[in-house]
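Novice: coords please:
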Amino acid sequence: MSDRSRTSDTRSPAQIEADIKRRRETLAETLDEIGVRVHPKTVVGDAKAKVVSNIDHTLGRAYVGVNRVVSDVKGQLVTEEGTPRLERIVPVALVVAGVVGLFVVGSRRRKG
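Specialist: Residues are numbered from 1 along each chain as shown. Below you'll find the model as predicted:
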């Protein structure tokens, strides 16, 4: 209990009424805020915002990872001056051509 309620209340009826009115207004504002926070549209909006934020974060991390891999591959296939390293590109191209050739031959065998 507050000190006011323990001692005799020396407020006038008008002061008490004003205090009650002020407390009712504060309570109404609090209830309005709670109503907005638990409203389904607010809850859904907050959930959407959280999902979008997580997706943006994940995509950002994926972009950084892919960018790192591309930079590493580029570093392996191109010199610092920007000229291609044929001793590394030719074997990679041959392997890619071989894999594509195997897929083509395999798909033709399935059709026939």
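Novice: after the longest helix along the chain, which helix or strand is next? Please name it.
Specialist: Identified as the longest helix of the chain according to DSSP state H is helix 40-77. Counting by DSSP states H and E, the element after helix 40-77 in chain order, helix or strand, is helix 86-111.
Novice: show me the chain divided up by domain.
Specialist: Following automatic domain parsing, one gets these domains for the chain: 12-77, 85-112.
Novice: of these, which shows the lowest average pLDDT?
Specialist: Out of the domains of the chain, domain 85-112 stands lowest, with a mean of 89 (criterion: mean pLDDT).
Novice: for the longest helix of the chain, name the packing helices and strands.
Specialist: Helices and strands touching helix 40-77, by 3 or more Cβ pairs under 8 Å, 6 or more residues apart in numbering; DSSP states H and E, are helix 86-111. Using the backbone N, CA and C atoms, a C-beta is placed for each residue, glycine as well.
Novice: now mean neighbour count too, for the domains of the chain, in JSON lines please.
Specialist: JSON lines is the format used below for these (neighbours: other Cβ atoms under 10 Å):
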{"stretch": "domain 12-77", "mean neighbour count": "10"}
{"stretch": "domain 85-112", "mean neighbour count": "10"}
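Novice: CA atoms only: put stretch 69-80 into PDB for me.
Specialist: Backbone C-alpha positions of stretch 69-80 (Å, rounded to 0.1, in the frame of the first residue of the first chain) are rendered in PDB as follows:
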ATOM      1  CA  VAL A  69      34.200 -19.100 -53.900                       C
ATOM      2  CA  VAL A  70      34.100 -17.200 -57.100                       C
ATOM      3  CA  SER A  71      37.000 -15.100 -56.100                       C
ATOM      4  CA  ASP A  72      39.000 -18.200 -55.100                       C
ATOM      5  CA  VAL A  73      38.200 -19.900 -58.500                       C
ATOM      6  CA  LYS A  74      39.000 -16.700 -60.400                       C
ATOM      7  CA  GLY A  75      42.300 -16.600 -58.500                       C
ATOM      8  CA  GLN A  76      43.100 -20.100 -59.600                       C
ATOM      9  CA  LEU A  77      42.200 -19.500 -63.300                       C
ATOM     10  CA  VAL A  78      43.500 -16.000 -63.800                       C
ATOM     11  CA  THR A  79      46.800 -14.400 -63.000                       C
ATOM     12  CA  GLU A  80      47.100 -11.200 -61.000                       C
END
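Novice: having no further points to raise, I will conclude here.
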